[in-house]
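**Q** Predicted model and sequence follow; I will ask about them next.
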Protein chains: 2
Amino acid sequence: MSSSEWRRDPLSGAWTIIAPGRGERPNAFISPRTRSGDASSEICPFCLGNETKTPPEVFAIREPGTSPDSPGWRVRVVPNKFPALTRGGPPESRVRGLFESRDGFGVHEVIIDSPGHDRELADLPADRVREALDVYVRRIRSLETEDQCRYIQLFKNKGEEAGASLSHPHSQVVAMPIIPKRIEEEIRRGERFRRETGACFFCRLLEDEMSDGARVVAANDRFVAYVPFAARFPYELRIHPRRHTARISGIGDDEIAGLADILKTVFGRLKAVLSDPPYNLVLHQAPYSKTALKSRSELNLFFHWYFEVIPVLTRVAGFEWGTGFHINPVSPEVAASSLR
Amino acid sequence: MSSSEWRRDPLSGAWTIIAPGRGERPNAFISPRTRSGDASSEICPFCLGNETKTPPEVFAIREPGTSPDSPGWRVRVVPNKFPALTRGGPPESRVRGLFESRDGFGVHEVIIDSPGHDRELADLPADRVREALDVYVRRIRSLETEDQCRYIQLFKNKGEEAGASLSHPHSQVVAMPIIPKRIEEEIRRGERFRRETGACFFCRLLEDEMSDGARVVAANDRFVAYVPFAARFPYELRIHPRRHTARISGIGDDEIAGLADILKTVFGRLKAVLSDPPYNLVLHQAPYSKTALKSRSELNLFFHWYFEVIPVLTRVAGFEWGTGFHINPVSPEVAASSLR
């Protein structure tokens, strides 16, 4: 497998990961005419008994007395077999005229939610969802010690249309040396609001969404799920912790229980209302080390982590790529009302 | 049909068009399990003889003596039957706390490239491609008189995976009152480079890509097609005019011939190398009236229009939504070499 490379677009300033090795992944290219059927549990590398089909595990929650890379696990973490980023190589940029690149440094892991090939988070008992979330948080805490990285991205792709190449429920976690463009925008927004008002922008947004109420889908004493005012996609959701915390690694045990509860509710509703749609679940949080913009302690003051849920129901097309804006055919208030 | 609304996301600052009427479009939602077959030419509203199935035409190139909304046309322009934006309503923003919105003001037209239901630009004779491009430019020049709009977006979605709801080849043109986020980024880049060096950033980028050469796919005396250094998608291309011009409305007749030539070449190569892939063709150009950032004459100095071609071969997934960065499994140099 070739190693990957970060490259910066001179025009937009955005970084792309050029990762030729990933072209070898199953279903890397959409080709509906030739696409093979989904892996059955016999050949699924994430199923019990197939542990040797993945790289050696880096963490697992296991029955006492069972060995790594054998059955007996309930949640299992392995390096991505087709990683977008890998450790090794110098982190420095190479600049040649307008063209800036650097080695594809980073860490890319897969968290297998449970041994159940067909059991989504919504289908698992609450204590098993908590256990999976607990592993997400542990891996993130562990990756926060990678001193050449600055940001940790957690996401789940469910369904082929949402980019999943394997159907067995899993999430992915990526530690990277570059702050994502989306997160830089949110840092700027949060910083400006704090400077102007002294308050957390995200806390204020949550308050405003709750006092309006028309777009709130579900709430418990720790989390609120709502359709954003300017949702880009039909039935898009944000899941916000009520407590101001910059990173998910700051979550408490009682909050993990609240998160498990609201994720089960939200995914159960999506499944029922939209016939089990493909979706992306995406974490937004503060960088874990200082950035060009701000120190870690400053980030703590004005960043506030949250999850974004994007059901894949429409196509991204020319208008969206050309503008960076989206066209959403479902009013956020109607979407929220259907999901309540 | 409900009318649409622009809404601004308080967190990212990006605008979304909430357009509930478009939910009624064919294939508005992806549902592979229930998707109906493609319209045959008998029921296709863009085919000869079916002119009454579209709203009345706003422009056409016709055989002498034929009437509007009847056969005899070679290129035909109609209002989009399911417009994302419409004329009417005040252009002012409504602000309620953090939430900013305005009526879905704008113009949304469809340009039917030719009467041929199955004939892409790559399949048409060069003179017919020139005629289609000439109509694109005429409509853009006409829409530049819309005094409540500031930007014109032209794009083509080919294939269902690229967002086309009808397969008969067509492009869309949207005049809008808000400068796209992508264009604002490019304005900032161009303005900074001009301030620092006195030169056009886009001209310089084109020079650097040509002198490197590894990513150039095709060139004629007016245009150059290349895979960008940090291409976000496999086989992504930019098609740049050599002459510095801020907007496509400034194109000359000889340049239209050169553009027809390079588009036929590029789309012919994509068709041959990638088995007729779905794609988006997207215009990037300067706003046609002053912006919050710059006057029209300043924009003329440092903006330089181009087309972007995005073959749809991979899925946008959680990593991309969360970061704003992309993972490209095909090296730009390999892609360019395959397409040469």
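**A** It's in.
**Q** Now do the least confident helix or strand in chain A by mean pLDDT: which elements does it pack against?
**A** Every helix and strand of chain A was ranked by mean pLDDT, DSSP states H and E. The lowest is helix A:296-302, at a mean of 87. Under the contact criterion of 3 or more C-beta pairs under 8 Å, 6 or more residues apart in numbering or on different chains; DSSP states H and E, helix A:296-302 touches helix A:181-197. Yep, even glycine has a C-beta here, placed from its N, CA and C like the rest.
**Q** quick check: mean pLDDT across the one helix or strand A:Gln172 maps to?
**A** Assigned by DSSP states H and E, A:Gln172 falls within strand A:170-176. For strand A:170-176, mean pLDDT rounds to 97.
**Q** mind listing what's buried in that strand?
**A** Residues A:170-176 are the ones in strand A:170-176 that count as buried (16 or more other C-beta atoms under 10 Å in any protein chain shown).
**Q** any idea where the helices of chain A begin and end?
**A** Ranges of helices within chain A are A:126-143, A:181-197, A:201-212, A:253-273, A:296-302, A:318-323, A:332-339, based on DSSP state H.
**Q** pretty sure A:Phe201 is touching A:Phe302, no?
**A** Yes. Using C-beta atoms under 8 Å, A:Phe201 is in contact with A:Phe302, at 6.7 Å.
**Q** Now list whatever residues contact both of these two.
**A** Common neighbours of A:Phe201 and A:Phe302, using C-beta atoms under 8 Å, 6 or more residues apart in numbering or on different chains, are A:190, A:193-194.
**Q** Among those, which one is most surrounded by other residues?
**A** Using other C-beta atoms under 10 Å in any protein chain shown as the neighbour criterion, A:Gly190 leads these with 23 neighbours.
**Q** Contacts only, for that one.
**A** With contacts defined as C-beta under 8 Å, 6+ apart, A:Gly190 is in contact with A:200-202, A:302-304.
**Q** how about those residues in CSV, adding distance to A:Asp69?
**A** Formatted as CSV, the contacts of A:Gly190 follow (distance: C-beta to C-beta, whole Å):
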residue, distance to A:Asp69
A:Cys200, 43
A:Phe201, 45
A:Phe202, 40
A:Phe302, 43
A:Phe303, 37
A:His304, 38
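**Q** farthest-separated two in these?
**A** Largest separation among the contacts of A:Gly190 by C-beta to C-beta: A:Phe201 and A:Phe303, giving 9.1 Å.
**Q** Have a look at the two and say which one is more surrounded.
**A** A:Phe303 (27 against 22).
**Q** For the spatially most distant residue from the centre of chain A, which non-adjacent residue is spatially closest?
**A** Here the centre of chain A is the reference, and by C-alpha atoms, centre = their mean the most remote residue is A:Gly97, at 34.2 Å. Residue nearest to A:Gly97 in three dimensions, not counting chain neighbours: B:Asp208, with 5.1 Å by C-beta to C-beta, 6 or more residues apart in numbering or on different chains.
**Q** number of nearby residues for the one you found?
**A** Using other C-beta under 10 Å, B:Asp208 has 15 other residues around it.
**Q** Could you list the low-confidence segments of the stretch 201-340 of chain A?
**A** For the stretch 201-340 of chain A, applying pLDDT under 70 flags the ranges A:291-293.
**Q** Run through the residues of it sitting next to chain B.
**A** Within reach of chain B by C-beta under 8 Å from any C-beta of the partner chain, the stretch 201-340 of chain A has these residues: A:201-202, A:204-205, A:208, A:212, A:228-232, A:234, A:280-284, A:308, A:310, A:312-319, A:321-332, A:334.
**Q** Quick check: mean pLDDT of stretch A:111-119?
**A** Average pLDDT, stretch A:111-119: 96.
**Q** again but with stretch A:70-79, I slipped
**A** Stretch A:70-79 shows a mean pLDDT of 97.
**Q** any idea how far that stretch is from the chain center?
**A** Here stretch A:70-79 is found 20 Å from its chain centre; the criterion is C-alpha atoms, centre = their mean, to the nearest Å.
**Q** same question, stretch A:330-340
**A** Distance, stretch centre to chain centre, for stretch A:330-340: 23 Å (C-alpha atoms, centre = their mean).
**Q** Stretch A:191-211 too?
**A** For stretch A:191-211, the separation from the chain centroid amounts to 23 Å (computed by C-alpha atoms, centre = their mean).
**Q** Can you list the neighbours in contact with it?
**A** Here stretch A:191-211 makes contact (C-beta under 8 Å, 6+ apart) with A:189-190, A:215-216, A:219, A:224, A:226, A:228-229, A:240, A:242, A:244, A:293-294, A:298, A:301-304, A:306, B:10-11, B:97-99.
**Q** Over to stretch A:177-184?
**A** With contacts defined as C-beta under 8 Å, 6+ apart, stretch A:177-184 is touched by A:6, A:13-15, A:91, A:102, A:105-106, A:148-151, A:153, A:187, A:284-287, A:291-293, B:12, B:321-325.
**Q** Quick check: chain neighbours aside, which residue is closest to the residue nearest the centre of chain A?
**A** In chain A, the centroid-proximal residue (C-alpha atoms, centre = their mean) is A:Phe155; its distance is 1.9 Å. The shortest distance from A:Phe155 to any non-neighbouring residue, by C-beta to C-beta, 6+ apart, is to B:Gly318 (2.8 Å).
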